[in-house]
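J.: Compute the structure for the input listed below.
(chains A and B)
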Amino acid sequence: MANKRVDEPTGTETVGHEWDGIEELDTPLPRWWLWTFYLTIIFAIGYVIAYPAWPMIDRATAGVLGWSSRGDLAEDMSAAEMARSGVREQLARVSIERLPEDSALMQQAVAGGAAAFRVNCVQCHGSGAAGSQELGYPNLNDDDWLWGGDLKAIEYTLVHGIRQAGDDETRTSVMPPFAGAFDSAQLDALTDHVLALSGKANANALGAQLYADNCAACHGSGGEGDRALGAPTLNDAIWLRGSSREAIKRQILQPRMGMMPKWEGRLDPVTIKMLAAYVHSLGGGEDFVEVAEDPEVEVDEQP
Amino acid sequence: MSNPDDPKDGGERDWSVVVEGGKPKSNEPVSSAVAEPEAATRRHEPHEPPRTTVPEKLYEPRKQVHNKRIDGPFRRFKWFVMVVTLAIYYVTPWLRWDRGPYAPDQAVLVDLANRRFYMFGIEIWPHEFYFVAGLLIMAGIGLFLVTSAVGRAWCGYACPQTVWTDLFQHVDRFIDGDRNARLRLDAAPWTWGKVMRRAFKWSIYALIGLVTGGAWILYFADAPTLFRDFFAGEAAPVAYITVAVLTLTTVTLGGFMREQVCIYMCPWPRIQTAMLDEKSLIVTYKDWRGEPRGSLKKAQKKPGEFGDCIDCTQCVQVCPTGIDIREGPQIGCITCALCIDACDRVMKDIGRPRGLIDYATLEDCEREAAGETPRPAWRTLMHPRNIAYLLIWGGIGGALLFALGVRTHTDLTVAPDRNPPFMLLSDGSVRNSYTLKLRNMESRPRDMEIAVEGLPGAIMWTDTINRTAAAPTQTVTVPADQVRTVRAYVAVPEGATTRGFFFRLTSLDEQRETDTVETRFDAPEDQ
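T.: Predicted coordinates for the structure are as follows:
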């Protein structure tokens, strides 16, 4: 503070610093400003007493009000939980067939299902529910359903799973392995015939005969599949395990079959209902009418 | 008028003498203020010898301002601006504007809950906030223009702080009397009479504050409904909190802080200081004409030795911020020109020409001091800088009006699904999903047609329109004044390739507004 002097035009002392010839005046504060400053000091003392403030060895002092940011979060979380409970109660009351009638509730269910999907389902089916052809996880966006694509069928799959050991009602089907049953010419002919069902190869008589003898019982004479048996459709464009000749041959000789865990007991019924609504909303969901003749998802007991 | 030559010692104090630092401000001048070129900007207290030391002090004690009543053209203009601005503030929320059954009928409404801003025939949505930004830019440049042309006229007449301070000062005058009475009352001991008088005055302050805060909230909800709910105790807590905060700030800032806000808190005087130069019209004291100061008596004794200023301090007494304009331009001067009114009146009384304190540019002051004839005010206003500001301001205004005129009330945004980007369907066709936002900015529900263009063979269905009804165009109803989100599925038969295409949204009414958005259709690469 060497260079303090009084600025002549204003009669005010300078603070003593100089920057390229520019000096700063030490203009006194107004009194109310000074008092405001003292008030902030008093406030700070009160704050330090009331709230967590002094850092100690492993945590700060608690403060007499007992406030903590974790407690705040817990309060917010339980408030959000309370806000959701109304929707959950409504969902618990309504049967899944009647859910589409209430579009507002349906929206809530889809949103809740989307959240649950990200926690429980993305590990196999992917975050966009597109599945994986290499690993045999089905795509849930398309219009091809192994076991039925209406709300009730989806919910049933979620509840009981697929090939879930220990659940009598689980969806189950077995494709027998044909390793050793065909020689290579027969296998080629059969593969050609399977591809011909969707127009990807030329039909041949040998393949047709082999198909009619070995495959048509489950997959249907034209490859239309059977949802009751869980037999995939063979005459469409969607191939869960690939449409190359090698993939088809492998699937005939050593069929791989996927497994989906049952979610009953792991998720509550309302969450399962919301998940069904979400999967149904992805773009391939089917109406009930189309599957009414399917015995496994018969809906006639519903009002 | 005071006579500084024989100050009254003891007894009745003469309140018309301005006392600063323990001595009256009217002293023998120690520096003869001559009309040097820099005289107008480099002036300091003529009665004070140059100081070399100042007492150590932590704060600057406040000098309470008790401005004297004055009448004159500028005071009348100030009254006029005050009445107009207060009327706009209090009346606007009650104006009605019919917008049909689907929109509020309040002329000016900031609907925060529904994110709409209504101003007479204009409705602004959040995405059109650039209109508000444009208005703020215009307000900024408008202030530059006003400052450049007529100095700190905003501060002097139209600033809310000025208007409310003026209002509170009139209350002071109404309750306690004019300047001298108020000074006496301030100095008087706290008797019951003074307590009652102060309590009465402060309750009027509180009432003004309440009305100010109360009017503010009416801009954010339907005014008659909120007004009734407010007094029935049924309004939202935020309404009561807002009114309480605004009542407190109005009373504190307008009732008690007053000129302290302008001098210490407000950044605008400092910004304006940088924008003023010798070509700006400001309220200024013509020192070459006024100095040296001397009373009428002195001037009679020694004619020719004294200037026109008779040191009556009327200009200081009427000042709402309590400054002495004769010290030159300063941050406390809000250029309300009440000192011009006061000085002109005195000059008329003593038979000298008006305009010792006047609106003038410093450039003109020097010219006048050198004996040239002053230029008329309009010549000053025609300064190129003012014209440039005016053109910029008008240009922005014109552009905003043009944009407002040609904007459509139909808008479409498209967000393609990225995960998964495409979907193979069982019949071999490829489906893409899009989230469309259909914006209907009219206050009535409208049917709108969504069409897929530039994608051969494409069909579309939505989350509400079944796949069995898929078609290249779909019609949906968008609720009045809302955005409707539609999930659209577009499918192209086998053999689809990745390519760009358009969604076109057309309103199915007589306006037939359209909006087109280009987006992308993804397909598997091996097809």
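
J.: helix/strand/coil for residue B:490?
T.: Following DSSP: H, G, I helix; E, B strand; the rest coil, we place residue B:490 in the strand state.

J.: Surely it touches residue B:521?
T.: Yes. At 6.7 Å, residue B:490 counts as touching residue B:521 under the criterion of Cβ atoms under 8 Å. In short, each C-beta sits where N, CA and C put it, glycine included.

J.: shared neighbours of the two, which are they?
T.: Contact criterion Cβ atoms under 8 Å, 6 or more residues apart in numbering or on different chains; residues shared by residue B:490 and residue B:521: B:432, B:455, B:458.

J.: Surely the first one is within a strand?
T.: Yep, that's residue B:432 we're talking about. Yes. Assignment of residue B:432 by three-state DSSP places it within a strand.

J.: mind listing what the residue lying closest to residue B:100 once chain neighbours are set aside touches?
T.: With sequence-adjacent residues excluded and distances taken as Cβ to Cβ, 6 or more residues apart in numbering or on different chains, residue B:100 is closest to residue B:443, at 4.9 Å. Residues near residue B:443 by Cβ under 8 Å, 6+ apart: B:99, B:100, B:102, B:103, B:123, B:480, B:481.

J.: Can you tell me the SS state at the closest residue to the last one other than its chain neighbours?
T.: Once flanking residues are discounted, residue B:481 sits nearest to residue B:443: 5.3 Å by Cβ to Cβ, 6+ apart. Under three-state DSSP, the three-state class of residue B:443 is coil.

J.: Check residue B:436 too.
T.: strand.

J.: Tally up the residues packed near the nearest residue to it once chain neighbours are set aside, please.
T.: Sequence neighbours aside, residue B:486 is the residue nearest to residue B:436 in space, at 4.5 Å (criterion: Cβ to Cβ, 6+ apart). Neighbours of residue B:486 under the rule other Cβ atoms under 10 Å in any protein chain shown: 19.

J.: same check, this time on the one 10 residues further on
T.: Residue B:496: 25 surrounding residues under other Cβ under 10 Å.

J.: Over to the residue nearest to residue B:481: give its phi and psi.
T.: phi -90, psi 40 (degrees, to the nearest 10).

J.: sorry, back to before: helix, strand or coil: sort out the residue nearest to residue B:436 for me.
T.: strand.

J.: Now do it, the pLDDT please.
T.: Looking at residue B:486, its pLDDT reads 92.

J.: Was I right to think it contacts residue B:461?
T.: No. Taking Cβ under 8 Å as the definition, residue B:486 is not a contact partner of residue B:461, at 10.5 Å.

J.: any weak-confidence spans in the chain?
T.: With no chain named, the answer covers chain A. Across chain A, the ranges flagged by pLDDT under 70 are A:1-3, A:289-303.

J.: my bad, chain B
T.: Looking at chain B by pLDDT under 70, you get B:1-58, B:526-527.

J.: Could you pull up the residues touching the most centrally placed residue in it?
T.: Residue closest to the average C-alpha location in chain B (Cα atoms, centre = their mean): residue B:159, at 6.3 Å. Neighbour list for residue B:159: B:268, B:334 [criterion: Cβ under 8 Å, 6+ apart].

J.: gap between it and residue B:336?
T.: Residue B:159 is 10 Å from residue B:336, where distance means Cβ to Cβ, to the nearest Å.

J.: Just send the contacts of residue B:443 back as a markdown table, with secondary structure, distance to residue B:273 and neighbour count too.
T.: Shown next, in a markdown table, are those (DSSP: H, G, I helix; E, B strand; the rest coil; distance: Cβ to Cβ, whole Å; neighbours: other Cβ atoms under 10 Å in any protein chain shown):
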| residue | secondary structure | distance to residue B:273 | neighbour count |
| --- | --- | --- | --- |
| B:99 | coil | 45 | 19 |
| B:100 | coil | 50 | 11 |
| B:102 | coil | 50 | 13 |
| B:103 | coil | 45 | 20 |
| B:123 | strand | 40 | 19 |
| B:480 | coil | 51 | 15 |
| B:481 | coil | 46 | 22 |
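
J.: Could you list the buried residues of the strand or helix carrying residue A:251?
T.: Assessed by DSSP states H and E, residue A:251 sits inside helix A:245-253. Neighbour counts using 16 or more other Cβ atoms under 10 Å in any protein chain shown place A:245, A:247, A:248, A:249, A:251, A:252 of helix A:245-253 among the buried residues.

J.: dump the residue contacts of the third one.
T.: Listed by Cβ under 8 Å, 6+ apart, the contact partners of residue A:248 are A:191, A:194, A:195, A:242.

J.: could you flag which of these are buried?
T.: A:191, A:194, A:195.

J.: which SSE is the first one in?
T.: Taking DSSP H and E as the criterion, residue A:191 maps to helix A:184-196.

J.: If I take that helix and helix A:245-253, what angle do their directions form?
T.: 110 degrees (axes from the mean of the first three to the mean of the last three Cα atoms, to 10 degrees).

J.: list the helices and strands helix A:184-196 packs on?
T.: Here helix A:184-196 touches helix A:205-214, helix A:245-253, going by 3 or more Cβ pairs under 8 Å, 6 or more residues apart in numbering or on different chains; DSSP states H and E.

J.: For the next helix or strand after the shortest one, what is the distance to the chain centroid?
T.: From helix A:245-253 onward toward the C-terminus, using DSSP H and E, the following helix or strand is helix A:269-280. Here helix A:269-280 is found 11 Å from its chain centre; the criterion is Cα atoms, centre = their mean, to the nearest Å.

J.: which parts of helix A:269-280 are buried?
T.: Across helix A:269-280, burial judged by 16+ other Cβ under 10 Å covers A:270, A:271, A:272, A:273, A:274, A:275, A:276, A:277, A:278, A:279, A:280.

J.: Check stretch B:98-111 too.
T.: For stretch B:98-111, by 16+ other Cβ under 10 Å, it's B:99, B:103, B:104, B:106, B:107, B:108, B:109, B:111.

J.: Name the nearest residue to the second one, sequence neighbours excluded.
T.: Think residue B:103. Nearest non-adjacent residue to residue B:103 (Cβ to Cβ, 6+ apart): residue B:443, at 4.0 Å.

J.: phi, psi of residue A:18?
T.: Dihedral angles of residue A:18 (phi, psi; degrees, to the nearest 10) stand at phi -140, psi 130.

J.: For burial, what's the neighbour tally of it?
T.: If we define neighbours as other Cβ under 10 Å, then residue A:18 has 12 of them.

J.: Dig out what it forms beta bridges with.
T.: In this entry, residue A:18 is beta-bridged to residue A:23, by DSSP bridges.

J.: I'd like to know how far it sits from chain B.
T.: For residue A:18, the distance to chain B equals 19 Å [Cβ to the nearest Cβ, to the nearest Å].
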